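Participant: Sequence isn't available, so here's the structure alone:
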Ligand SMILES: [Zn+2]
């Protein structure tokens, strides 16, 4: 019997748009329909990542194509449901469908225009991260050495994110940007795919202060399988990832932690966790190490509860 698993971040749609790879059938995707089913994944956030190096207009074009692939191919089968409300999530669980959610990863294409954000909301997008690693018109990403915060444009857009009650994703944001987002909104916040800086010092990982804040305000944090963010040695595996989970549990984060794989986006997969079909091996190892109760929270319940807090009811 598979344990249900939630994954808050995979770049499936980007990979599909770039390579023409199909979601169903024999597919090279790390998180293909078949692999997600074997892995027991019952909720998947489909990231809308586009290359931030392209013009904003080209980025918007690619993002719309990714949204089309989601509706035209991924949810065209009865196996996946497009979920934008809590009721839709519950219904998907009842009928055994994978709950598919959409979230922007890098919002350079918006050029700070709340109208585009409202259109994306109507297309079912429920989460947004303002940057990828570098700066755009909204904010600095976590790899910008100057560590700037939100621009005026970013602040205007954040106000609309709050009004719509989208979740903010701080995974790629600069430290200053994270601080500002935390002070400017009381709305739902997650770091969809990031680890602990205390365990492995990398700008993509979160400081203990931020993790504590996510705990206090009942946000959410998805541990990421990208080897570069897990450990310094060349071949990290899931036990290296567990050091990050140990740390979050020590900080009191047992209600806010889960996983955001970064499948189809990461460049250095963890040994033994090369694609979504390995989620059940991970689940078994989590049960062995932390016991059934914590495992159920980390694998599934925490993300479900976050969605309950973040999504509109209907
Ligand atoms: Zn990412």
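Facilitator: Right, received. Where do you want to start? All figures in this text were calculated on a predicted structure; none of them were measured in a lab. Residues are numbered from 1 along each chain as shown.
Participant: The closest residue in space to residue 313 that isn't next to it in sequence - how many residues pack around it?
Facilitator: Of all residues beyond its chain neighbours, the one nearest residue 313 is residue 86 (5.1 Å), with distances taken as Cβ to Cβ, 6 or more residues apart in numbering. Any C-beta I mention is one placed from the backbone N, CA and C, and that applies to glycine too. Here the number of neighbours of residue 86 (other Cβ atoms under 10 Å) works out to 17.
Participant: I'd like to know how far residue 86 sits from residue 310.
Facilitator: Separation of residue 86 from residue 310 (Cβ to Cβ, to the nearest Å) stands at 9 Å.
Participant: for residue 225, same thing?
Facilitator: For residue 225, the distance to residue 310 under the criterion Cβ to Cβ works out to 23 Å.
Participant: Count the residues that sit near residue 312.
Facilitator: Neighbours of residue 312 under the rule other Cβ under 10 Å: 12.
Participant: now residue 18
Facilitator: Using other Cβ under 10 Å, residue 18 has 15 other residues around it.
Participant: Can you point out the helix or strand that includes it?
Facilitator: Here residue 18 sits within helix 12-19, counting by DSSP states H and E.
Participant: what pLDDT does residue 46 get?
Facilitator: If you check residue 46, the pLDDT there is 98.
Participant: In contact with the closest residue to it other than its chain neighbours, which residues?
Facilitator: By the measure of Cβ to Cβ, 6+ apart, the closest residue to residue 46 outside its immediate chain neighbours is residue 13, 5.2 Å from it. Residues near residue 13 by Cβ atoms under 8 Å, 6 or more residues apart in numbering: 46-49, 66-67, 69-70, 74.
Participant: In helices, which of those residues appear?
Facilitator: Taking DSSP state H as the definition of helices, the contacts of residue 13 contribute 66-67, 69.
Participant: got a list of what the nearest residue to residue 141 once chain neighbours are set aside touches?
Facilitator: Taking Cβ to Cβ, 6+ apart, and ignoring the residues beside it in sequence, residue 141 has residue 131 as its nearest neighbour in space, at 3.8 Å. Contacts for residue 131 were tallied using Cβ under 8 Å, 6+ apart; they are 52, 106-108, 138-142, 172-174, 177.
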